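Enquirer: Following is a predicted model, sequence given first.
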Amino acid sequence: MATIKDVARIANVSITTVSATINGTAPVSKALQQRVWDAVKIAGYHADPIARNLRMGVSKTIGLIVPDIATPWAAHLAKAMQRALSDVGYNMLFASNDDDPEREFREIELFSSHRVAGMVIAPTTHGESYAERLAEAVHTPTVLVDRIVENARFDAVTDDNQLGAQLITRYLLKLGHKEIAFLVGRPGISSSDERYAGFRETMAVAGLPVRDDLVRRPVFRREHAFAAVQQLMTLPTPPTAIACINIAQLLGTMAGLQNMGLKVPDDVSVISFDGFHPAEGWQPAITALTQDITTISIKAAELLLARIGGEVDYGPRLVRVAPSLTVRTSCRSIQ
């Protein structure tokens, strides 16, 4: 691997001149700059941005922390965020918190040690005094995505979760479904709480009760949904439709129904809040919300860059991005 010494040797200049050219720390004539950059290409030299940040105390790096970087939602967010930030000269570091607050705070500490310019975090949002802990741990401009932390001092960009719940519930009601099962996520997660609240409100507006035996919580892993479906579909009056709020629930629900020999939508309709793969590729294709991750990423990047640049004189802002419902073939009319 080429080093800064190799660049200096090829350009026939001092290491100091190479460093000043690459990092912009001192004036260098245009002629010498050209020699250095030509030598950089010849040597195939790539500067280590983290090491440079540590030396200079400045950064063009943003840290992104999500529950699981391998999920379709997180991967899409990371890609869109990287595109939005790279256009203005920033690179990114990625980490997963596994929805574990302790791991999340370790990742925040690690990113801080790398002197990142800012962070984008999909917070775990649970545990005692979480908001206070987050405020104490974060000392760099930060924007929260997907989830809201009550009483936190950070900007946040999320889906309009209650609107999403209304869209899903109204669609099922339009098809004649009244016995709707709802899989609730981990308690204390704002997106899960908001989606369940939106479901209950829409049912109330329609004059319909929410059956307690059709609400399953906490269901935030595939195996939880698999078990919940076995219970739901063996009730004396089983649901005619099941609403999942994330991909893990959807995977477990579909596997559980298949294990019981039940077909979608012939035996039960299935709808999801998460419109990423495998919503389109399955048979039947899953009717689901389409989250505007690109807009969420752009809005989060704009807020973060404004904070980094010191261009704001207002308090924390909350931006909600409206989802849309994509109708496929996993729900049927029972009217």
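Expert: In hand now; what should we look at? Nothing here was measured: the structure is a model prediction, and the numbers come from that model.

Enquirer: Rounded mean pLDDT for stretch 84-99, please.
Expert: When pLDDT is averaged over stretch 84-99, the result is 91.

Enquirer: neighbouring contacts of that stretch?
Expert: 49, 60-70, 74, 78, 81-82, 103-104, 107, 110-111, 114, 116-117, 122, 124, 186, 220, 297-298, 301, 305 (Cβ atoms under 8 Å, 6 or more residues apart in numbering). From N, CA and C alone the C-beta is placed, and that goes for glycine too.

Enquirer: cutoff 6 Å now
Expert: 49, 60-65, 67-69, 78, 82, 103-104, 107, 124, 297-298, 301 (Cβ atoms under 6 Å, 6 or more residues apart in numbering).

Enquirer: And stretch 106-117, by the same measure?
Expert: Taking Cβ under 6 Å, 6+ apart as the rule, stretch 106-117 contacts 50, 53, 59, 61, 63, 65, 95, 97, 119, 137, 308.

Enquirer: Tell me what the fifth one is bridged to.
Expert: What it means is Gly63. Leu93, Met119 (DSSP bridges).

Enquirer: contacting residues around it?
Expert: Gly63 neighbours (Cβ under 6 Å, 6+ apart): 93, 111, 116, 119.

Enquirer: circling back: put together JSON lines for the contacts of stretch 106-117, with secondary structure and distance to Phe182 on each row.
Expert: Formatted as JSON lines, the contacts of stretch 106-117 follow (DSSP: H, G, I helix; E, B strand; the rest coil; distance: Cβ to Cβ, whole Å):
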{"residue": "Ile50", "secondary structure": "helix", "distance to Phe182": "44"}
{"residue": "Asn53", "secondary structure": "helix", "distance to Phe182": "46"}
{"residue": "Ser59", "secondary structure": "coil", "distance to Phe182": "43"}
{"residue": "Thr61", "secondary structure": "strand", "distance to Phe182": "40"}
{"residue": "Gly63", "secondary structure": "strand", "distance to Phe182": "34"}
{"residue": "Ile65", "secondary structure": "strand", "distance to Phe182": "28"}
{"residue": "Ala95", "secondary structure": "strand", "distance to Phe182": "31"}
{"residue": "Asn97", "secondary structure": "coil", "distance to Phe182": "26"}
{"residue": "Met119", "secondary structure": "strand", "distance to Phe182": "33"}
{"residue": "Ala137", "secondary structure": "helix", "distance to Phe182": "34"}
{"residue": "Ile308", "secondary structure": "helix", "distance to Phe182": "40"}
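
Enquirer: Quick check: Trp37 is in a strand.
Expert: No - going by DSSP: H, G, I helix; E, B strand; the rest coil, the assignment for Trp37 is helix, not a strand.

Enquirer: How about it, nearest residue that isn't a chain neighbour?
Expert: Spatially, and ignoring its direct neighbours in sequence, Trp37 is nearest to Thr21 (7.1 Å; Cβ to Cβ, 6 or more residues apart in numbering).

Enquirer: Who are the packing partners of the helix or strand the one you found falls within?
Expert: Element membership of Thr21 [criterion: DSSP states H and E] is helix 15-23. In this structure, helix 15-23 makes packing contacts with helix 4-11, helix 30-43, judged by 3 or more Cβ pairs under 6 Å, 6 or more residues apart in numbering; DSSP states H and E.
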